[in-house]
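[1] I would like the atomic coordinates for the input below:
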Amino acid sequence: MLQLETEQEEDGRWIAEIRDLPGVLAYGATRPEAIVRAEALALRVIADRLDHGDPVPDLEGLFAA
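    Residues are numbered from 1 along each chain as shown. Coordinates of the predicted model:
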């Protein structure tokens, strides 16, 4: 499972980051907005890595069916 970290900036914006995926960080006006944006970016990064045969983090538990 990927760990998502959030923090509120001094200007009031929120930032969400997934450290296991370098470059995956996103800002939002609210904490939930920042989280949704970071999750969407993480999925795009993982898809790009899969397309190019690059390593991806363990995805077990990412989706439930």
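
[2] Can you mark which positions in the helix or strand that Ala47 is a member of are buried?
    Taking DSSP states H and E as the definition, one finds Ala47 inside helix 31-52. Burial within helix 31-52, assessed by neighbour count using 16 or more other Cβ atoms under 10 Å, is assigned to Ala34, Ile35, Arg37, Ala38, Glu39, Leu41, Ala42, Val45, Ile46. To be clear about C-beta, it is placed using only N, CA and C from the backbone, and glycine gets the same treatment.

[3] Tabulate those (TSV), appending pLDDT and distance to Tyr27.
    As requested, those are arranged in TSV below (pLDDT from 0 to 100; distance: Cβ to Cβ, whole Å):
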residue	pLDDT	distance to Tyr27
Ala34	97	6
Ile35	96	11
Arg37	97	7
Ala38	96	9
Glu39	95	14
Leu41	97	11
Ala42	95	15
Val45	95	17
Ile46	94	20
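
[4] Can you add distance to Val24 and give these back as a markdown table?
    Converted to a markdown table, the buried residues of helix 31-52 look like this (distance: Cβ to Cβ, whole Å):
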| residue | distance to Val24 |
| --- | --- |
| Ala34 | 12 |
| Ile35 | 12 |
| Arg37 | 10 |
| Ala38 | 6 |
| Glu39 | 9 |
| Leu41 | 5 |
| Ala42 | 5 |
| Val45 | 6 |
| Ile46 | 9 |
